[in-house]
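Visitor: Need a 3D model of the following:
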Amino acid sequence: MNKQGPNKISWTDFTWNPVTGCKHGCEYCYARKIAERFKGTDAWPNGFSPTLHVNRLEIPKKTKAGTKIFVCSMADLFGEWVPKGWINSVMEVVKDRPDLIFQFLTKNPKRLAEFNPWPENCWVGSSVFNAHSMFVALKTLTHVEAKVRFVSAEPIISYLGGHAFKGIVDWVIMGAMTGPGATKPESWWIKEIMEWIDKDATPVFMKSNLMPYWDEELRQEFPQR
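Guide: Here you go, the predicted structure:
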């Protein structure tokens, strides 16, 4: 596992990648660049082709209770190409450590309901990047039986629209794109989504990279669960 912090994925403690690789083809994907650079190594034996790392399944067993673990930061565990057996292998580890918090994100939220009801130590979410993907995520998450449901607009690359969150999600994450050629979010995109967040009293975690586009204090809240 890789320890996280203020300059990394600041809303989790560690990332754990028992599965790596993805077929979504997002232009802004940081994981693909890393995989291509280190293809053929122990970490990326097959480059960015989806791969199950059986030797990594035991890692969380030695982790301190209460730790938040973001699962598959270098993959989409619920992509259509991922065998259900791989996901079940991960879920068995999750069930064996009810004292840890496992955070899941996917761009393919329609598969999440396959695993209902989710263990109580799971935070289950969908990545969004524009108004349509936000609409789809919220509609789909209503069918997911998890203690914490959330959406992550990271990076924000387009207008997110206005959406009601109350009763659907327990948390919203927002962040900007970084690096060369990054799309810069408009401040009014953030303002509008924050109005809905405040209206529904939804906890929000705003990454520090939003500071250039937001003239108010950043809020870094976690689900009240």
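Visitor: Would you confirm that Pro223 contacts Trp171?
Guide: Yes - under the criterion of CB atoms under 8 Å, Pro223 makes contact with Trp171 at 4.5 Å. C-beta: built from backbone N, CA, C; applies to glycine.
Visitor: Comparing those two, which shows the higher neighbour count?
Guide: Taking neighbours as other CB atoms under 10 Å, Pro223 and Trp171 compare with Trp171 leading, 24 against 17.
Visitor: coming back round to it: between Pro223 and Trp171, what contacts are shared?
Guide: Here Pro223 and Trp171 share the contacting residues Trp123, Val148, Phe150, Pro203, scored by CB atoms under 8 Å, 6 or more residues apart in numbering.
Visitor: Reformat these as JSON lines; add secondary structure and pLDDT.
Guide: Rendered in JSON lines, the data for the shared contacts of Pro223 and Trp171 read as follows (DSSP: H, G, I helix; E, B strand; the rest coil; pLDDT from 0 to 100):
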{"residue": "Trp123", "secondary structure": "strand", "pLDDT": "98"}
{"residue": "Val148", "secondary structure": "strand", "pLDDT": "98"}
{"residue": "Phe150", "secondary structure": "strand", "pLDDT": "98"}
{"residue": "Pro203", "secondary structure": "coil", "pLDDT": "97"}
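Visitor: So which of these is the closest to Pro6?
Guide: Among these, Pro203 lies closest to Pro6 (CB to CB), at 18.9 Å.
Visitor: Spit out the contact partners of the closest residue to that closest one other than its chain neighbours.
Guide: Spatial nearest neighbour of Pro203, chain neighbours left out: Glu221 (3.9 Å); criterion: CB to CB, 6 or more residues apart in numbering. When the contact criterion is CB under 8 Å, 6+ apart, the partners of Glu221 are Trp171, Pro203, Val204, Phe205.
Visitor: repeat that with 7 Å
Guide: Residues touching Glu221, when contacts are defined by CB atoms under 7 Å, 6 or more residues apart in numbering, comprise Pro203, Val204, Phe205.
Visitor: One more: Met74?
Guide: Asn17, Thr20, Ala31.
Visitor: who wins for neighbours among these?
Guide: Ranked by neighbour count (other CB under 10 Å), these have Thr20 at the top, with 24 neighbours.
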